[in-house]
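In: what's the 3D shape of this:
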Amino acid sequence: MELDTLGFGQPPSPHKPDGALRRAGFEIELAGAKPAAVAQIVARLFDGAVKRHNPHVWKIEDTRFGAFRVELDARFLTEQAYRPLLERAGIERDSSVSLALEEIVHEIAHLVVPCEIVCPPIPVDALHGLSALEEMLRWAGAEGSDASVLNALGLQINIELRDERVPTVLAYLRAFMERYAWLLKEIDPGLTRRMTNYAAPFPREYERLVLDPAYAPTLPRFVDDYLDFNATRNRALDLLPMLAHLDAPRVLARAEEPMLVKPRPALHYRLPSCRLDDLSWSIALEWNRWLEVERRAEHWLPLGAHS
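Out: Modelled structure (predicted):
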């Protein structure tokens, strides 16, 4: 199946019940370009204002879609977990010595830690702006997964659903399970991601449960069944954010890393590669591959649920 690598296709059900367009957020990992330069590119493209949140995080505010973030993708840096170490050594916060050391940490980290662009939710009819972003990142020297064996980079898509009812979430989950082998073959994650076991598939026993046509759970049962097999965030399609949005107490009580689960009304699709410097690849291509899941989900939706 030949898919468009440039244009962003539209899902078969692009609207929510209130008539608003669905949205998708993207998390784009890259190497080879400094975060400060990347933040300026994002600001120019989306007409925003750059504010440096800390030495490793930039925010691009006041765009028409909301705030973007550009950061070195490591919690140790973005959450500044090293600060207590400096304070224990008698180095005061925001002192000249502390600021100088933070700049050194940043420069060293830039060589080994991926840079990540975290996009706000973008309406599905406005995703074409990401193609211009890709082009400018390439001009700035951005590298992708295939540039180095050290570049274990990924692309993540947070996909807002047409509605938040259990049968709808279940339809998309079933469709993803049915299309997962095809997706993985098309993506071809390469040696680096296979070695690091990025985003494991769903357990076979859970797939058998979900793909049984007689499976019609209530929300509590759906959440409990999911957590019985998938309390981890390490799934190619991570439902923890969506389920936490629907039932936060139940999910956060059992998730393996509850502090990292961010409740939101979206599926969290984690791709095993981000090949920005490969001209035959694009974010649009991966989005259009996802749309094959959307089309399959239409077959699982209850009668009368189609828009």
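
In: and residue 38, what helix or strand is that in?
Out: helix 35-46 (DSSP states H and E).

In: Now do that helix: which elements does it pack against?
Out: strand 49-54, strand 57-63, strand 66-72, strand 115-118, helix 129-139 (3 or more C-beta pairs under 8 Å, 6 or more residues apart in numbering; DSSP states H and E). Where C-beta positions appear, they are placed from N, C-alpha and C, glycine not excepted.

In: Make a markdown table from the ones you listed and add distance to residue 188 and mean neighbour count to it.
Out: A markdown table is the format used below for the helices and strands packed on helix 35-46 (distance: least, C-beta to C-beta, whole Å; neighbours: other C-beta atoms under 10 Å):
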| stretch | distance to residue 188 | mean neighbour count |
| --- | --- | --- |
| strand 49-54 | 35 | 13 |
| strand 57-63 | 32 | 19 |
| strand 66-72 | 27 | 21 |
| strand 115-118 | 22 | 24 |
| helix 129-139 | 19 | 17 |
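
In: Now do the same for the residue most central in space within the chain: helix, strand or coil?
Out: Nearest to the mean C-alpha position of the chain, by C-alpha atoms, centre = their mean, lies residue 156 at 2.5 Å. Here residue 156 is recorded as strand under DSSP: H, G, I helix; E, B strand; the rest coil.

In: For the lengthiest helix in the chain, buried residues please.
Out: If you go by DSSP state H, the chain has its longest helix at helix 166-187. Within helix 166-187, the residues that qualify as buried are 166, 168-180, 183, 187, counting by 16 or more other C-beta atoms under 10 Å.

In: try stretch 206-220
Out: Judged by neighbour count using 16+ other C-beta under 10 Å, the buried positions of stretch 206-220 are 206-207, 209-210, 217.

In: just the buried residues of helix 166-187 now: which is nearest residue 39?
Out: residue 187 (28.0 Å; C-beta to C-beta).

In: That closest one contacts residue 272, doesn't it?
Out: Yes: between residue 187 and residue 272 there is a contact at 6.4 Å, judged by C-beta atoms under 8 Å.

In: Can I get stretch 13-33 in PDB, CA atoms only?
Out: The C-alpha atoms that make up stretch 13-33 are tabulated as PDB, following Å, rounded to 0.1, in the frame of the first residue of the first chain:
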ATOM      1  CA  SER A  13     -14.500  10.700  11.500                       C
ATOM      2  CA  PRO A  14     -12.800  14.100  11.900                       C
ATOM      3  CA  HIS A  15     -15.300  15.700  14.200                       C
ATOM      4  CA  LYS A  16     -16.300  15.400  17.900                       C
ATOM      5  CA  PRO A  17     -19.900  15.300  19.000                       C
ATOM      6  CA  ASP A  18     -20.000  19.100  19.500                       C
ATOM      7  CA  GLY A  19     -18.900  19.600  15.900                       C
ATOM      8  CA  ALA A  20     -15.300  20.700  16.700                       C
ATOM      9  CA  LEU A  21     -12.500  19.100  14.800                       C
ATOM     10  CA  ARG A  22     -10.400  16.500  16.500                       C
ATOM     11  CA  ARG A  23      -6.900  17.300  17.400                       C
ATOM     12  CA  ALA A  24      -3.500  15.600  17.500                       C
ATOM     13  CA  GLY A  25      -0.400  16.400  19.500                       C
ATOM     14  CA  PHE A  26       3.100  15.300  18.400                       C
ATOM     15  CA  GLU A  27       6.300  14.700  20.300                       C
ATOM     16  CA  ILE A  28       9.200  14.800  17.900                       C
ATOM     17  CA  GLU A  29      12.700  13.600  19.000                       C
ATOM     18  CA  LEU A  30      15.800  14.600  17.100                       C
ATOM     19  CA  ALA A  31      19.600  14.900  17.400                       C
ATOM     20  CA  GLY A  32      22.100  17.200  15.800                       C
ATOM     21  CA  ALA A  33      20.500  20.600  16.500                       C
END
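
In: With that, I have no additional questions.
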